[in-house]
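In: With the sequence up front, the predicted model follows.
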Amino acid sequence: MYSGLGTRPAEAVGKSSRRGAVNGTVLALGFTSFFTDISSEMVTAILPLFLTVGLGFSPAAFGLFQGAYELANAALRIVGGAVADRTRRPKETAAAGYGLSTLTRAGLLGSIWVGLPAVPFLLMDRLGKGLRTGPRDAMISLATPQASWGTAFGIHRTMDAAGALIGPLLAFAVLLAVPGSFDSIFVLSFGFGLLGVAVITTQVRNPTIGVGPTSIGVRTRPSLRDQLRIPGFRRIVVLGSAFGLFTVGDALVYLVIWDASAQQSALGTSGFGMEWFPMLFAGTAVAFVLSATPIGRLADRVGRARVWVAGHLLLAAVYGVLLWRPAETTSIVVILLLLGLYYGATDGVLPALAAGVIPEASRSAGLALLATAVALSRMASAAGFGLIWEWVGADGAVRIALLGLLVTMAMAVVGAVLGSSSSDDGSRTSEVNE
């Protein structure tokens, strides 16, 4: 059904291609992300309430902060990809990004011990993430047979999500044992960040990069304009950005739940305590950990484009439950499950889908360009959602996001059907160019 977005799925992946997805580079990068996500999610899990309850941010102010957070994430993605491609040293470029994020933990300690402002360090952490993402994803694709890209990215995202699960649990344990001890969280976070940097610097090697095929005769190392001239890649960037405009970030979803719970508590009915807020992040991470690799394998079999587009139905279901009864325990569990499955169906599948049309020599830059476009659209989504929440309430903001998401999905399906009817099935080799 989605052949306008991609090739027919590859033939069923055999045992040999599955083994190709489990290689030293993928595992080393997985452990790097595992330790780094423990580090970052310990901090992320306490941010929404710290900013809204502790510092008094309104929904609009928090939305603008989230927008700046996404902007910082996007700011160095293209730079990181371009540097990695030009120097042919994606390992060193990615390691620099991991190192920058780790150093910000020391800055956060300074914000507690000597009164330094915390927000600049939080934004610097996102700069580090932006710098490393494109080179890291390029190394995964270059180390793995194409038929197993979905599986390889799924394995990496599983290890990444495992860190995202452990981080909030550690933050919860620290605050439960020593209430208000944010400096203890930052010290632990710094230590785990150093472990991540150690793994990538000692266990990962730069890949041998050749000149991969392209759909159009662009140069050996094409410019960003050349990248966007590749029809399949252009479609992915446009559609990924469109979906991003209506993708409400985790923190805002959790704040909607928290707001509904606080209203119930004010009315004398059930609600949950502030100390449980980090567990929302952990709940989503559990579903992500369990689903990323199986869904990645499914994408390799039935088609990455199909799985990626269909995955947004899960996000639409999240919005539906938020509009129904967001503060009930059962609803919260369902939201966290659906959100984790949504990430399993999209987070690793999207770069696996895009890698099929990007030449090897410029894959870091191409994947960084895609990630930048998606991050910028999510920046607009976060800022817009917070402002709309301020104007018309949380329910109104969620309804607008749901409507926009459904319209985008309909456009994707219609475009795929039209593309399928007008294209030559035998003239394309990648999932997004059939």
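Out: Received the coordinates, thanks.

In: Residue 322 touches residue 398, doesn't it?
Out: Yes - counting by Cβ atoms under 8 Å, residue 322 sits close enough to residue 398 to count as a contact (5.0 Å). No exception for glycine: its C-beta is placed from N, CA and C like everyone else's.

In: Identify the contacts common to those two.
Out: residue 256 (Cβ atoms under 8 Å, 6 or more residues apart in numbering).

In: Could you give me the buried positions within the helix or strand hosting residue 122?
Out: Using DSSP states H and E, residue 122 sits in helix 119-142. Across helix 119-142, burial judged by 16 or more other Cβ atoms under 10 Å covers 121-142.

In: swap in stretch 398-413?
Out: For stretch 398-413, by 16+ other Cβ under 10 Å, it's 398, 399, 400, 401, 402, 404, 405, 408, 409, 412, 413.

In: for stretch 88-102, same thing?
Out: 89-102.

In: Give me the phi and psi for residue 303.
Out: Residue 303 adopts backbone torsions of phi 120, psi 120, taken as degrees, to the nearest 10.

In: and it, how many neighbours?
Out: 26 (other Cβ atoms under 10 Å).

In: Need the pLDDT of it.
Out: pLDDT, residue 303: 91.

In: List the contacts of the spatially most central residue of the chain.
Out: Nearest residue to the geometric centre of the chain (Cα atoms, centre = their mean): residue 347, 5.3 Å. Listed by Cβ under 8 Å, 6+ apart, the contact set of residue 347 reads 157, 288, 292.

In: Pretty sure the second one sits against residue 159.
Out: If I follow you right, that is residue 288. No - using Cβ under 8 Å, residue 288 is not in contact with residue 159, being 10.9 Å away.

In: Have a look at those two and say which one is more surrounded.
Out: residue 288 (26 against 23).

In: and after the host helix or strand of the more buried one, which helix or strand comes next?
Out: Per DSSP H and E, residue 288 falls inside helix 278-302. Per DSSP H and E, the first helix or strand lying C-terminal to helix 278-302 is helix 304-324.

In: gap between that next one and the chain center?
Out: 15 Å (Cα atoms, centre = their mean, to the nearest Å).

In: by how many degrees do it and helix 278-302 diverge?
Out: 150 degrees (axes from the mean of the first three to the mean of the last three Cα atoms, to 10 degrees).

In: Residue 233 contacts residue 358, correct?
Out: Yes - in this structure, residue 233 is within contact of residue 358 by Cβ under 8 Å, at 6.3 Å.

In: Spit out the residues that contact these two alike.
Out: Common neighbours of residue 233 and residue 358 (Cβ under 8 Å, 6+ apart) are 227, 366.

In: dump the residue contacts of residue 251.
Out: Listed by Cβ under 8 Å, 6+ apart, the contact set of residue 251 reads 44, 47, 48, 62, 66.
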